[in-house]
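Novice: this is a predicted model, with the sequence first.
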Amino acid sequence: MQQHIPMIIAVLALALTACGAPEAGQTVSRPAQPTSTPATPPTPARPTDTLATPARPTSMLADDFVVIYRKTGGIMGMDETLTIRADGTLTLRSRRPDQQTTKVDPATLKPLLGLLGSAEFAALEPAYRALGADLFVYEISLPGRAKPTVVTMDGAQPPAVLEQAIEQLEQLRQLLPEPGRP
């Protein structure tokens, strides 16, 4: 133990030296202090005679609609992303460098699009979480939406519409072989 004392003292001295004052001629920069600016009073709302144009109903989706479904986790560390386009193109990517692509009849997507365009789906929370190890995480992204991404995982208690959407996405996923396999 006594042979380690000089080493411990040297390490402590070095640590204290690093915390010391700057040498002569050196400048120390200090972070800028926050400043406050006077707040401008809010502009009162003006009444209008016309109604705002309503947004596209949630049951309708754009013609170039894209769904991105990502499934990660599990004991094997899965990381797959299924991209679905309105024309029926399905593309599956994983950690492997290659990807799989196929095309289905766009009518095949109607049940899924109905779920994703429903008011129930639009009302979902951004995340439904659970505690545990090796859980699969399911992420559905709908670019261009007010709430573009919904995440859930095994063991969570998501609403039925989210479970049904994941079932539909998994069925579409099964139409493609795993990347790297014929």
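Specialist: Happy to help now that I have it.
Novice: for this structure, give me the ranges with low pLDDT.
Specialist: Where the chain drops to pLDDT under 70, the residues are 1-65, 178-182.
Novice: return the distance of Asp154 relative to Ala86.
Specialist: 30 Å (CB to CB, to the nearest Å). In this view, the C-beta of every residue, glycine as well, is placed from N, C-alpha and C.
Novice: Provide a list of residues in contact with Met153.
Specialist: By CB atoms under 8 Å, 6 or more residues apart in numbering, Met153 lies in contact with 73, 128-130, 135-138.
Novice: hmm, try it at 6 Å
Specialist: The contact partners of Met153, by CB atoms under 6 Å, 6 or more residues apart in numbering, come to 130, 135, 137.
Novice: okay, now the sheet partners of the strand or helix carrying the last one, with direction.
Specialist: It refers to Val137. Here Val137 sits within strand 136-141, counting by DSSP states H and E. Strand pairing for strand 136-141, determined by DSSP bridges: strand 66-73 (antiparallel), strand 149-153 (antiparallel).
Novice: do you know which of those strands lies nearest Leu124?
Specialist: strand 149-153 (5.1 Å; CB to CB).
Novice: beyond the closest one, next helix or strand please.
Specialist: Toward the C-terminus, strand 149-153 is succeeded by helix 160-173 as the next helix or strand (DSSP H and E).
Novice: just the angle between that next one and strand 149-153, please?
Specialist: Going by axes from the mean of the first three to the mean of the last three CA atoms, to 10 degrees, helix 160-173 is angled at 90 degrees with respect to strand 149-153.
Novice: can you pull the buried residues of helix 160-173?
Specialist: 161-166, 168-169, 172-173 (16 or more other CB atoms under 10 Å).
Novice: just stretch 91-106 next, same as before
Specialist: Buried residues in stretch 91-106, counted by 16+ other CB under 10 Å: 91-94, 100.
Novice: identify the bridge partners of Thr101.
Specialist: Thr91.
Novice: follow-up on the earlier one: mind putting the strands paired with strand 136-141 into CSV with distance to Leu113?
Specialist: Shown next, in CSV, are these (distance: least, CB to CB, whole Å):
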stretch, distance to Leu113
strand 66-73, 8
strand 149-153, 15
